[in-house]
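A.B. asks: This is the structure alone, sequence omitted:
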């Protein structure tokens, strides 16, 4: 498998674009994105589990049935406004968003999915979207510039473009997957506030794509935390154009494994990019748990550590305060957790230092630990001593800038 | 019921004191506390539910049996070191702490409870404790100065002394309750990192005191969150001296209701003091939920809002970002929650402003909302529209100082 350029436009059969339509105040920022597939053999969607669901999510729910009657041909998405907690008017606005994009693309409205991100509880200026959709459709291009414009148009507090694409052989046929992700705050297991759009030129039907996407999400998005808040708008869309030319993949086909493995790698790459770009984050923190009583226990333990405000501030301060790691492990709710069997080490490219063995302190070089924790990619390696369950969880530190960014987000 | 001075020394039959013994680096700070009862008719104890329990907690667990064979006569507590994740040596140190205090007081070691707070994973310098216990016992006094010295000796990042005492009539007899609380970070429902010591001169046996304390904890400590971390050391001890002279209260006695009501008020007062003194907190945030499907739902909803980093930073920034409140309500896990029935208002002494009705925005005066949220005691009032369940949860905002304090706690 090789990484290539082009993001969602890398696979054959996709165009993308992004413009400013007037949702965000600044004309310098794009706020309306469109991704269109020339054809679609299958599509899939995952949404937030928050009981408060944005109008865009409610509108797009039918794409998540595993086998939508009409697979998705396009995605229209906006930033600057979440269209959440906006009542009946918000639901009408989501439908109008889909309809105006469908008209420009010559599609039935039921083929267009909608996503939104931004401030909650403010009416979406739908007229701006409708005015912008003409220039948006005209801007579509099948290259990296199209991908980047669309990606810019879904960014809020994101500071980096998070996108990737890969090429690999699926049953001997060259296949591409492209993806973009948006999200840096309000992110927590079970999809953080995040929009993720995935394209592939694989010929695959919706049930098979749905199965692959669910497995990839469990191995990536569910292992990802920024601040413990699960948003109203989390959305993952995947569209297959079929242009790779392989015989159509169905559930149960052996080649589905190859595609799923590639999809997992793409999603993990995006998650690591996004964790590193967490609001105010100065470093990517990977929590690796080995030896837990089960895989589920390992995930619980890893999430608790990666989510702990005290662990996160210690990472920010490059402080080898492993007691906070043990504390978080202790309240994780992992049934098979044995405090006296746990070991903890801090690691980075600067080395690894063991700080706790069998639940008790190990003498260690504070200066070496500080050096390790000062890098911008660090790991907390936990050995639970209770079995063979493993998990990695990706998160970030908690800095002054998180407070600054979120203290007055709406301004 | 009237509030009086004196803290844990306000009830008859108690002495308290605090000294510096050398656990904390600075001689200006006390780090060893002692509270002693002249007699004890009953005692009770509650501890952290964290699977990682400090040595002091493990040592003191027998006092939490509901009916300890030998009720507690004294509490020795230290700050500057949690004696947690310290292995066998830590457990031995906790036992030595109890023993040296018992010797000075002429008690059996089984009558002395132990509590610790501070950094995790560093061996407790037990020799310092043993050297300090002589001066400590000599310093005991039955007045407010004794209470304050003991309280200072259990403080870590606390910036205020959190203590209170009340007098009330229990079945016609004047009775006093005194209490102190320590804790400003690593605090979350089910006892945050907090030490709370309660005294009363009521004549009450251990099972009745245990029942009253559990009920009071459910109504106070379980409604309290600072940062979502549940510590290794959380401890609540209560001792009754019996000196009020009433006939001994047992479980089922009608007068127990009067005592429990007073105990709840004392604990809520402490919790509000402690929330306001959360690490880096600039304001007390009270989340009031009405109209939930049940009391349990109301508590889940209130906790989710009070615990949300995004809500907390918005409170810090005096930003009426009610969408984050709805978002937190949505992921709270309250089964009977109906997003379209919820209303939200922000309130303080400066007034109240409704910002959301039936899950949708209400036009409101931003300047007025900012003014309301700028005060140091604010409330988020939520009406769930699903039933008659109610709860109040106390928390605080999330500021730059939380990050500063916790970025390098050990230094």
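C.D. replies: Yep, it's here. All values derive from a computational prediction rather than experimental measurement.
A.B. asks: Now do the SS call for the residue lying farthest from the centre of chain A.
C.D. replies: Most distant from the centre of chain A: residue A:363, at 38.7 Å, with distances by C-alpha atoms, centre = their mean. Under DSSP: H, G, I helix; E, B strand; the rest coil, residue A:363 falls in the coil class.
A.B. asks: Tell me where the stretch 301-411 of chain A is predicted with low confidence.
C.D. replies: The stretch 301-411 of chain A contains residues with pLDDT under 70 at A:402, A:405-411.
A.B. asks: Quick check, the residue in it closest to chain B?
C.D. replies: Evaluated by C-beta to the nearest C-beta, the stretch 301-411 of chain A has residue A:323 as its residue closest to chain B, separated by 2.3 Å. Yep, even glycine has a C-beta here, placed from its N, CA and C like the rest.
A.B. asks: Please apply the same query to the stretch 1-150 of chain A.
C.D. replies: With C-beta to the nearest C-beta, the shortest gap between the stretch 1-150 of chain A and chain B falls at residue A:120, namely 2.3 Å.
A.B. asks: who are the neighbours in contact with that residue?
C.D. replies: Going by C-beta atoms under 8 Å, 6 or more residues apart in numbering or on different chains, residue A:120 touches A:54, A:82, A:84, A:85, A:232, B:321, B:322, B:323, B:324, B:326, B:327.
A.B. asks: I'd like to know how far the second one sits from residue A:50.
C.D. replies: Right, the one you point to is residue A:82. 11 Å (C-beta to C-beta, to the nearest Å).
A.B. asks: Can you pull the residues that touch both of those two?
C.D. replies: What both residue A:82 and residue A:50 touch, as defined by C-beta under 8 Å, 6+ apart, is the set A:231, A:232.
A.B. asks: any idea where the strands of the stretch 101-250 of chain A begin and end?
C.D. replies: Assigned strands in the stretch 101-250 of chain A, in chain order: A:112-117, A:162-170, A:173-182, A:195-200, A:235-240 (criterion: DSSP state E, counting those that start in this stretch).
A.B. asks: want to try CSV for these, with distance to chain B, mean neighbour count and mean pLDDT as columns?
C.D. replies: Output for those, formatted as CSV (distance: least, C-beta to the nearest C-beta, whole Å; neighbours: other C-beta atoms under 10 Å in any protein chain shown; pLDDT from 0 to 100):
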stretch, distance to chain B, mean neighbour count, mean pLDDT
strand A:112-117, 12, 30, 96
strand A:162-170, 20, 21, 97
strand A:173-182, 17, 25, 97
strand A:195-200, 15, 30, 97
strand A:235-240, 15, 28, 96
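A.B. asks: Can you give me the neighbour number for the residue of the stretch 301-411 of chain A closest to chain B?
C.D. replies: Neighbour count of residue A:323, defined by other C-beta atoms under 10 Å in any protein chain shown: 30.
A.B. asks: Is it in a helix, a strand, or coil?
C.D. replies: Three-state call for residue A:323 (three-state DSSP): helix.
A.B. asks: Excluding sequence neighbours, find me the nearest residue to it.
C.D. replies: Leaving aside its sequence neighbours, residue A:323 sits nearest to residue B:120 (C-beta to C-beta, 6 or more residues apart in numbering or on different chains; 2.3 Å).
A.B. asks: From residue B:134, how far out is the one you found?
C.D. replies: 28 Å.
A.B. asks: With residue A:78 instead?
C.D. replies: Counting by C-beta to C-beta, the gap from residue A:78 to residue B:134 is 71 Å.
A.B. asks: Now the element after the single longest helix found in chain A, going C-ward?
C.D. replies: Counting by DSSP state H, the longest helix found in chain A is helix A:255-276. Counting by DSSP states H and E, the next helix or strand C-terminal to helix A:255-276 is strand A:284-292.
A.B. asks: what angle do that next one and helix A:255-276 make?
C.D. replies: 130 degrees (axes from the mean of the first three to the mean of the last three C-alpha atoms, to 10 degrees).
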